[in-house]
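> show me the folded form of this:
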Amino acid sequence: MTTFTVRAPASSANLGPGFDSLGLSLGLFTTLRVTRQSRTEVVPIGPDLAQTPADESNYVYRCMQITARRVGRELPPVRVEIQTEIPLARGLGSSAAALVAGLVAANVLLGEPLGQDELLDMAAREEGHADNVAPALLGGIAVATLDKVGTHFVRLSPPEHLGVTVLIPDFELSTSKARAVLPTEYSRADTVHALSHAALLAAALATGRLDLLRHAMQDYIHQIWRAPLVPGLSDVLEGAVEHGALGAALSGAGPTVLCFHDARHSTAGLHTFLGAVMRRNGLEGRILNLPIDLGGVLVS
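The predicted model follows:
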């Protein structure tokens, strides 16, 4: 193909206790338009990408080079146009979408020498965990682990009637800052709590037990430590289920907060509650209902 596009979805990781291992894809997208030509150009498009490099140091192009190095080949000269709907540094997997889109774009350019499992393992090792890259690549809900042998995953179709509402504040929070506040050791009680709730959450999502989400999404591993960085987080975690949510969690490293809801019911009360939380905490932002993306990365 002389020109093709690659589209990778946003993602929300952890979902409470599934730290670095559980995530789902969401209907916001990073899109690359790749055109073969005589010289390489990298063209970020739109105000959200205005501060990103317009040359080969751009993160997307560097991700394309990861694939080329993996297969021992050079990338041909191309024009890469980059657009995104995913807000940067908000806990919605913007870097994972860019990474997956870049790896896949280069794989297409080079004749698709790598399969899905290899692309996922490359992406997980680059990120250091698979919780965002797995849903970005596969779509739906992904449970994934990364070890010395490889990246191992189960893709789940979302339960029927599971809806997603996100509160996206108008401030950025870097993943490195959000990780820096986490303790280096946990008590046995907190470890058992995390393991049991992560297992319950995965089982509830796999079997459609929406009634269990409010219990399964409880977390002591990262959310309580990150709460001081995200004004209003504790209010949402404690009160969302009283206003129509099935459960609530910090999305990735934040500051976005995700609430599950039953798509058969109105979310007006939940939106009102989330808006009130923002106002009480002096925040501005957006409250959106987003579909769970089922396709993962798409090439056309």
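
> tell me the helices and strands packed up against the helix or strand hosting residue 69.
Assigned by DSSP states H and E, residue 69 falls within helix 59-71. Here helix 59-71 touches strand 78-84, helix 94-109, helix 116-127, going by 3 or more Cβ pairs under 8 Å, 6 or more residues apart in numbering; DSSP states H and E. (Each C-beta comes from the backbone N, C-alpha and C, glycine too.)

> quick one, which of the ones you listed gets closest to residue 21.
helix 116-127 (10.7 Å; Cβ to Cβ).

> contacting residues around the next helix-or-strand element following the closest one?
Following helix 116-127 in sequence order, the next helix or strand is helix 133-138 (DSSP H and E). By Cβ atoms under 8 Å, 6 or more residues apart in numbering, the residues outside helix 133-138 that reach it are 8-11, 23-25, 93, 96-97, 99-100, 104, 116, 119-120, 123-124, 126-127, 141-142, 144, 151, 153, 155, 293, 296-297.

> just checking, residue 34 touches residue 77?
No. In this structure, residue 34 is not within contact of residue 77 by Cβ atoms under 8 Å, at 11.1 Å.

> looking at those two, which has the bigger crowd around it?
Taking other Cβ atoms under 10 Å, residue 34 and residue 77 do not tie; residue 34 has more neighbours (23 against 12).

> got the buried residues for the helix or strand hosting the more buried one?
Here residue 34 sits within strand 18-36, counting by DSSP H and E. By neighbour count on 16 or more other Cβ atoms under 10 Å, the buried set for strand 18-36 is 18-34.

> helix/strand/coil for residue 10?
strand (DSSP: H, G, I helix; E, B strand; the rest coil).

> show me what contacts the closest residue to residue 244 other than its chain neighbours?
Residue nearest to residue 244 in three dimensions, not counting chain neighbours: residue 270, with 4.1 Å by Cβ to Cβ, 6 or more residues apart in numbering. By Cβ under 8 Å, 6+ apart, residue 270 lies in contact with 165, 240, 243, 244, 245, 259, 261.

> surely the fifth one is in contact with residue 262?
If I follow you right, that is residue 245. No. Between residue 245 and residue 262 there is no contact under Cβ under 8 Å: 9.3 Å.

> who has more neighbours out of those two?
More crowded of residue 245 and residue 262, by other Cβ under 10 Å: residue 245, with 26 against 17.

> residue 56 versus the more buried one, what's the distance?
Separation of residue 245 from residue 56 (Cβ to Cβ, to the nearest Å): 44 Å.

> then residue 217?
From residue 217 to residue 56 the distance is 41 Å (Cβ to Cβ).

> sketch out the low-pLDDT regions of this structure for me.
Scanning the chain with the threshold set as pLDDT under 70 gives 1.

> for it, list the residue farthest from the centre, please.
Going by Cα atoms, centre = their mean, the residue of the chain most distant from its centre is residue 38, 34.6 Å out.

> that residue - nearest residue in space that isn't next to it in sequence?
residue 77 (5.9 Å).

> now that neighbour. Its backbone dihedrals?
Per-residue torsions, residue 77: phi -70, psi 130 (degrees, to the nearest 10).

> likewise for the one 10 residues further on?
Summarising the backbone geometry of residue 87 under the convention degrees, to the nearest 10, its torsions are phi -60, psi 140.

> now the closest residue to it other than its chain neighbours, which residues is it bridged with?
In space, and not counting its chain neighbours, residue 87 is closest to residue 168: 6.0 Å by Cβ to Cβ, 6+ apart. Beta-bridge partners for residue 168, by DSSP bridges, are residue 286.

> doesn't residue 139 make contact with residue 295?
Yes. Counting by Cβ under 8 Å, residue 295 does reach residue 139; the two are 4.8 Å apart.

> please tell me how far residue 276 sits from residue 161.
From residue 276 to residue 161 the distance is 26 Å (Cβ to Cβ).

> circling back to that earlier point, looking at the contacts of residue 270, which is nearest residue 178?
Among these, and counting by Cβ to Cβ, the member closest to residue 178 is residue 259, at 19.3 Å.
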